[in-house]
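Chemist: here is a sequence together with a model predicted from it:
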Amino acid sequence: MYSVTFRNVAEYEDSSNILLWTITGKSIQITTNWVTPFKLRKVEVITKKKMLIGNLITQQIKEYSNYSSKDGSYIVRDIMVKYDEPLKRKFNAFMDSIRNNEDAIVIGNNGLESLKLAVYATRQTTINNKE
């Protein structure tokens, strides 16, 4: 894991770039900040044959494929996604697990592991202060 954070105006980090690798060798890049003038939540998946960009706010996905090195052209396709309220769905699933005495879909250990990863990234970071 490699992490770089920037602190420009606040006591805490303004932005962070994290690069990590999975056990299977796939790379993951996480870029986050809170100083942009608008809210942006997106996921990019890049493979050998295509790139998918998912906007988590509008819940839209675009697929870019069939790149041609001859003329630089490619195909863009909108992938239809049924609109959903993920937090509401997670809350309802959690409540159902309590009512039915079943295991929750997402358990506390998942959140704990995510928190450990975030703390580790913070500790491994290279801090660049811009005064």
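Modeler: Happy to help now that I have it.
Chemist: use CA for all of it now, contacts and neighbours both
Modeler: Will do.
Chemist: this protein: strands as residue ranges?
Modeler: 2-7, 15-21, 27-33, 42-46, 50-55, 60-65, 75-79, 125-129 (DSSP state E).
Chemist: just say which of those strands is most tucked in.
Modeler: Most buried of the strands of the chain, by mean neighbour count (mean count of other C-alpha atoms under 10 Å): strand 2-7, with a mean of 18.
Chemist: circling back to that earlier point, now the strands of the chain in a markdown table, with mean pLDDT?
Modeler: A markdown table is the format used below for the strands of the chain (pLDDT from 0 to 100):
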| stretch | mean pLDDT |
| --- | --- |
| strand 2-7 | 72 |
| strand 15-21 | 81 |
| strand 27-33 | 83 |
| strand 42-46 | 90 |
| strand 50-55 | 93 |
| strand 60-65 | 95 |
| strand 75-79 | 95 |
| strand 125-129 | 59 |
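Chemist: can I get those strands in TSV with distance to L117?
Modeler: Below are these laid out as TSV (distance: least, C-alpha to C-alpha, whole Å):
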stretch	distance to L117
strand 2-7	11
strand 15-21	10
strand 27-33	12
strand 42-46	18
strand 50-55	23
strand 60-65	27
strand 75-79	31
strand 125-129	12
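Chemist: contact partners for the residue nearest the centre of the chain?
Modeler: Closest residue to the average C-alpha location of the chain: V43 at 5.3 Å, with C-alpha atoms, centre = their mean. Going by C-alpha atoms under 8 Å, 6 or more residues apart in numbering, V43 touches L52, I53, G54, N55, L56.
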